[in-house]
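Asks: here you go, sequence then predicted model.
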Amino acid sequence: MTYSTDTRSIQPGEIYVAIRGEVHDGHRFIPRAIEKGASGIVTEQDVDAPEGVEVIRVESSEDYLVATASEKLRQSGARVVAITGSIGKTTTRAALHAVLAQSFPVVPSEGNRNTPLGLSLLVLNREITADSVLVLEMGARLKGDIKTLCEHFPPDISVVTNVRGVHVETFGSIDGVQREKSELVRALGPEGVAVLNADDPRTRAMADLHEGTTLLYGRAEDADLRPDAVRVDLPILGDHAILTALSAVAVGRALGMDDDAIQRGLAAIQPEKGRLAKLPGRDGSTLIDDTYNASPDAALAALDVLAGLPSERRIAVLGDMLELGETEVEQHIDVLRAATERADRVIAVGAIMARAAPSVPGVEPVATSADLAESIRQRGVDWPREGDVILVKGSQGARMERVSEAVLSPDVEASDVLPRQTPQWKAIP
């Protein structure tokens, strides 16, 4: 029995769950779900359904879905590895998936579905047994989000990558961000394991917040897992790659895996779409697509990757970074200054970048990602060309994947390698 909240993709025999959202009310689409063969309807209002279609009347459709998923997980006996952090969650999830899959059936969360609703659909729609290991990315935009997620999907192992000034608009300060991320560790029971970044003071401080075992990973002298624990060449870019790999080694050891299996998994890591993916660009150029999302720290890390790659010319195309609070312009200026030190050309895209660009000589402002993508397609700019290495980065709302699609080699299918390529995303202006 599987569940769907989207009548555009629902399959015959699935149960349609009508969710009241901020923009759309799923109850409006109940007739469409029935027309497409839904076997049942979860609804907050009375529904006239034809014979053979079960109607489940509830107080809250989302609460029903979450409670059903939570109970399924409890009964299964599967173990849960939960991940949070200001940056690096998705890459860490990919690394854990690759490593743990060497010894266990792994059920990883998908895309940015790291909310109670998204994780509930994952649990309900996948086969889960006592041997399964769920690798769940847990995101937070509001105070209490992670605590709520942990109540429904209690972690056996909690991985915290770092604490940075991301989402300070909603958490008030970096101290507020730290408190929210720490809920993942506080949720552990006496047998739980906290896997913490030893190089990040705010993260390693969380070791005192639970009664179980702590494994520290990083370059710090007192880390339990240091770089020599990785014995293979990693297929992911960036200085952070070693930290990502070490977190996966720590989780593998916590679950009793042997080191050979762990190393095989590290060698098999597949970079996520939009996460420092090295791709062929048009006209003999190289594209570094890092458009899944952005923060100042992540942008600086990506610029360091760009600076370390051999090239005839390095071009940084940077879009707006969102939810940075009152100092957003100053933080954009800092990133642009760093970009001019690492790249031969710097293109700044978006409204916030437009306010920051005049403070950094040599930066080329462009209004929107759509404008720049069209200029590239129409050969209105003198790049890309052979030997160029082009970094494209920005927050999800900046839609910088449009630029990456224009730079991408025509021999590569964009939907195979870039984020946000579905018809639904393409339809958003």
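Replies: In hand now; what should we look at? Values in this document were obtained by computation on a predicted structure and should not be read as measured data. Numbering: from 1, shown residues only.

Asks: the residue positioned nearest the centre of the chain and residue 175, how far apart?
Replies: For the chain, the residue sitting closest to the mean C-alpha position, by C-alpha atoms, centre = their mean, is residue 90 at 3.8 Å. The gap separating residue 90 from residue 175 is 25 Å, by C-beta to C-beta, to the nearest Å. All C-beta spots, glycine's among them, are computed from the backbone N, C-alpha and C.

Asks: returning to what we had before: need the contact list for the residue nearest to the centre of the chain.
Replies: Residues counted as contacts of residue 90 (C-beta atoms under 8 Å, 6 or more residues apart in numbering) are 137, 272, 275, 292.

Asks: kindly report the same for residue 110.
Replies: Contacts of residue 110 by C-beta under 8 Å, 6+ apart are 118, 122.

Asks: hang on, residue 134 in a strand?
Replies: Yes: under DSSP: H, G, I helix; E, B strand; the rest coil, residue 134 sits within a strand.

Asks: oh, and call the first residue 366 from now on, that's how I've got it
Replies: Got it, first residue is 366 now, which makes that one residue 499.

Asks: who's in contact with it?
Replies: The contact partners of residue 499, taken as C-beta under 8 Å, 6+ apart, are 438, 443-446, 471-474, 488, 493, 518.

Asks: kindly report the same for residue 641.
Replies: 456, 601-603, 653-655, 667, 670.

Asks: again, but for residue 506
Replies: Contacts for residue 506 (C-beta under 8 Å, 6+ apart) come out as 532, 535.

Asks: mind doing that once more with 10 Å?
Replies: The contact partners of residue 506, by C-beta atoms under 10 Å, 6 or more residues apart in numbering, come to 480, 531-532, 534-536, 545, 688.

Asks: do residue 774 as well
Replies: By C-beta under 10 Å, 6+ apart, the residues touching residue 774 are 644-652, 749, 782.

Asks: quick one, phi psi at it?
Replies: Dihedral angles of residue 774 (phi, psi; degrees, to the nearest 10) stand at phi -60, psi 140.

Asks: which residues are contacting the worst-scoring helix or strand of the chain on mean pLDDT?
Replies: Least confident helix or strand of the chain, by mean pLDDT, DSSP states H and E, is helix 533-536 with a mean of 83. Under the contact criterion C-beta under 10 Å, 6+ apart, helix 533-536 has outside partners 505-508, 510, 530, 539-546, 687-693.

Asks: restricting to C-alpha, output it in CSV.
Replies: What follows is the C-alpha trace of helix 533-536 in CSV, where atoms were taken according to Å, rounded to 0.1, in the frame of the first residue of the first chain:
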residue,chain,number,x,y,z
VAL,A,533,19.5,33.2,11.3
GLU,A,534,16.4,35.1,10.2
THR,A,535,14.3,32.4,11.8
PHE,A,536,16.6,31.3,14.6
